[in-house]
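**Student:** Structure of the sequence below:
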Amino acid sequence: MGGMSEEKPWPDSIRAGECEQHEPLVRRVLAPNPSPYTFTGTQTWIVGAGSDVAVIDPGPTGSGLSIGDPADINGTGHVDAILRAVEGQRVAAILCTHTHRDHSPAAAPLKEATGAPIIGCAPLSLRDDGPRADSAFDPDYAPDRILVDGERISGDGWTLEAVATPGHTSNHLCFGLVESGALFTGDHVMAWSTSVVSPPDGDMAAYMASLSKLYDREDRVYYPAHGPAVTKPRQLVRGMLGHRKQRERQILRELEKGTNVIPEMVKHMYKGLDPRLNGAAGRSVLAHLIDLQTRGIVRAHDEEWELA
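**Tutor:** Presented below is the predicted three-dimensional model:
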């Protein structure tokens, strides 16, 4: 990031609007919303090589400004790019892993263009008390059918199974492609970055449990919503579980040293972080602290934290 970004090569094999084949049943279209939160942009995955397809995470529309994570500042032309990529095939289902504004807003115009039902995660309504994170959420998401853990939908030569993975958001689903052993992981597991877990909806204990759940599976490859495919899934998940436990130990060490407010912890724990991501790092530290509080290890007084 920073001022050097012009000189760095584009870290992706395609540009916004282009389509790339990854395996016989899987291709992706890149949305035009690169940012510190979305890497090269949201990846819309198209599943199916026969008469019909499923579209996973149709992406942003650029219809609203959101603050911080995630960017919905630009989705212009993305629905058209999806329609170009599926030309000659019927869209049988539009699937959403979760309802952040870089993932689900384009579901509505894509449904209008194709007549396909919107299937997948539950809509999310945040409570009115406590810190609101709804600038990042898509308030208009309206699914025709909600999938629960283990439920399947199928088309011509493809079968997708919902895998409930709460944590990044409470309504997050991954989708397993039964025929090939691929798992579409949304924002739950990515190779380019860790996931932001932002309370009140993001829950660190749930996130850790969902990581363990993926570790117990036999998926061959992960296709996340941002960044490159993950060819060694279990190795990555094991590393992410270790990383979160390490962050927890860092927080406990900060509290032992007398650091009792989150911005100071972020300063000590995230050396060299893009300053635009400080807020997101603070949300994840808060998620860890809430988890530690639930377990009786720390306690809070207003904005200050201490060991219990």
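**Student:** any low-confidence regions in the chain?
**Tutor:** Low-confidence segments of the chain (pLDDT under 70): 1-7, 63-73, 125-135.
**Student:** where along it do the helices fall?
**Tutor:** Ranges of helices within the chain are 78-85, 107-114, 204-215, 233-256, 262-269, 278-294, based on DSSP state H.
**Student:** With mean neighbour count and distance to residue 29 as added columns, please give these in a markdown table.
**Tutor:** In short, each C-beta sits where N, CA and C put it, glycine included. Output for the helices of the chain, formatted as a markdown table (neighbours: other Cβ atoms under 10 Å; distance: least, Cβ to Cβ, whole Å):
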| stretch | mean neighbour count | distance to residue 29 |
| --- | --- | --- |
| helix 78-85 | 20 | 5 |
| helix 107-114 | 19 | 11 |
| helix 204-215 | 19 | 25 |
| helix 233-256 | 16 | 23 |
| helix 262-269 | 18 | 35 |
| helix 278-294 | 20 | 26 |
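**Student:** now for these, which one comes closest to residue 167?
**Tutor:** Closest to residue 167 of the helices of the chain is helix 204-215 (Cβ to Cβ; 2.7 Å).
**Student:** Report the distance from that closest one to the chain centre.
**Tutor:** The chain centre lies 14 Å from the centre of helix 204-215; the measure is Cα atoms, centre = their mean, to the nearest Å.
**Student:** What residues does residue 150 make contact with?
**Tutor:** The contact partners of residue 150, by Cβ atoms under 8 Å, 6 or more residues apart in numbering, come to 161, 162, 163.
**Student:** could you dump the helices of the chain to CSV with distance to residue 143?
**Tutor:** Converted to CSV, the helices of the chain look like this (distance: least, Cβ to Cβ, whole Å):
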stretch, distance to residue 143
helix 78-85, 18
helix 107-114, 8
helix 204-215, 20
helix 233-256, 27
helix 262-269, 34
helix 278-294, 26
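**Student:** Go through those helices and name the closest to residue 179.
**Tutor:** Closest to residue 179 of those, according to Cβ to Cβ: helix 233-256, at 17.0 Å.
**Student:** got the CA coordinates for the closest one in CSV?
**Tutor:** Coordinates of each C-alpha in helix 233-256 appear next as CSV, following Å, rounded to 0.1, in the frame of the first residue of the first chain:
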residue,chain,number,x,y,z
PRO,A,233,-6.2,-25.8,3.0
ARG,A,234,-5.4,-27.7,6.2
GLN,A,235,-1.9,-26.2,6.5
LEU,A,236,-3.4,-22.7,6.1
VAL,A,237,-6.2,-23.3,8.7
ARG,A,238,-3.7,-24.8,11.2
GLY,A,239,-1.6,-21.6,10.7
MET,A,240,-4.6,-19.4,11.2
LEU,A,241,-5.6,-21.1,14.4
GLY,A,242,-2.1,-20.7,15.6
HIS,A,243,-2.0,-17.0,14.6
ARG,A,244,-5.2,-16.3,16.6
LYS,A,245,-3.8,-18.1,19.7
GLN,A,246,-0.7,-16.1,19.3
ARG,A,247,-2.7,-12.8,19.1
GLU,A,248,-4.5,-13.8,22.3
ARG,A,249,-1.1,-14.4,24.1
GLN,A,250,0.1,-11.0,22.8
ILE,A,251,-3.0,-9.3,24.3
LEU,A,252,-2.5,-11.0,27.7
ARG,A,253,1.1,-9.9,27.7
GLU,A,254,0.0,-6.3,26.9
LEU,A,255,-2.4,-6.4,29.8
GLU,A,256,0.4,-7.8,32.1
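**Student:** Now do that helix: everything it contacts.
**Tutor:** The contact list for helix 233-256 (Cβ under 8 Å, 6+ apart) reads 183, 189, 191, 194, 204, 207-208, 211-212, 214-215, 217, 219-222, 230, 264-265, 268-269, 284-285, 288-289, 291-292, 297-298, 305-307.
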